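# Need a 3D model of the following:
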Amino acid sequence: MGFPGTWMTTSESMVYRVVPKCACSTIGQIMYFSDHGSYFDGDIHDAKEGLHKWALEGSQEPITRNVQQHKSYAFTCVRNPYTRILSSFFDKICGIQRNGKRYRGNLVPLLTQKYGINVGGEDGQGEFDQIAAFRRFLLFARDTIKFRKPMDPDIHWSAMSGHVSTFIVNGGIYDKIVWTESFDDGMQDVLAAIDTPHAIQLKDVPRFNESEGHGPKRAHPVEDYFDDLSMHLVYEIYKRDFQLFKYDFANPGNKMPVDEIDLDEVHAKLGD
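Numbering: from 1, shown residues only. A predicted model of the protein is given here:
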């Protein structure tokens, strides 16, 4: 299986396991800058050189060698499951993507047909009930994750623990798990622990949110989207994410973690 979703600087100063919707664009650009002294011109997900990625055939051998020997500082980044699934909905379901089309082509028509979801018409510009549409999407997301129907789960809303675990199962060890909610503090810990060819000041780093502007603005506070049934569905899908990464299930309005992450617990429970 190898190390899917794993990126590594060409200098091998650090190794990062990507978790979608968790500051991955910004982290990738920080890694790129730390090697080259400049940011990648465009979406870092499109970069084919200047950064080792598991998806690039020539990167697989150096990533495997490094990770299995734990030669470099390895980390990942996680996010509150409530805000992550909401972000996925507004970006991937409501938004028109960079290519001018809906995400995955026929996905939104499928949701309209099978779940009665309306997200602003073909161009995404129409008015719609965000809360009602999101709660129906949540049912769809649960069906994909629990039953793999009407399709396999998408990486943008599959559980973070699933992404994080592949790295461990195949022999990787994390030195740090960063919370998106306190990104600068966590990323500073990463940078303080390593030597990079080019120094980088986090306060000067732009936020490379490639999904920003794809979809409509969220019209309500986070907690308004989650009634009792929605919270039950979220817990059914993301129970391990709440437990391992220490987020507050009981209060969707509290995006901050409530305890420190126990790396030993993460490795033990996700390494099976």
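# Could you use CA atoms for every contact and neighbour count after this?
Fine.
# can you pull out the strands in this protein?
6-8, 14-17, 52-53, 73-78, 176-179 (DSSP state E).
# burial count for Lys255?
By other Cα atoms under 10 Å, the residues close to Lys255 number 20.
# May I have the residues that are in contact with it?
Shown in contact with Lys255 (Cα atoms under 8 Å, 6 or more residues apart in numbering): 80, 82-83, 181, 247-248.
# just to revisit the earlier point, mean neighbour count and mean pLDDT added to the strands of the chain, as TSV?
Shown next, in TSV, are the strands of the chain (neighbours: other Cα atoms under 10 Å; pLDDT from 0 to 100):
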stretch	mean neighbour count	mean pLDDT
strand 6-8	26	98
strand 14-17	26	98
strand 52-53	26	98
strand 73-78	23	98
strand 176-179	22	98
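# Include distance to Ser38 when you put these into TSV, please.
Below are the strands of the chain laid out as TSV (distance: least, Cα to Cα, whole Å):
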stretch	distance to Ser38
strand 6-8	17
strand 14-17	17
strand 52-53	16
strand 73-78	22
strand 176-179	23
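# Nearest to Asp227, out of these?
strand 73-78 (23.6 Å; Cα to Cα).
# For the residue nearest to Gly95 when sequence neighbours are not counted, grab the count of nearby residues.
Distances taken as Cα to Cα, 6 or more residues apart in numbering put Gly215 closest to Gly95, at 3.5 Å, once the chain neighbours are dropped. Counted with other Cα under 10 Å, the neighbours of Gly215 add up to 22.
# do Asp41 as well
Asp41 has 9 neighbours, counted by other Cα under 10 Å.
# could you measure it against Ala199, distance?
Computed as Cα to Cα, to the nearest Å, the Asp41 to Ala199 distance reads 19 Å.
# Please apply the same query to Pro150.
Per Cα to Cα, Pro150 is found 47 Å from Ala199.
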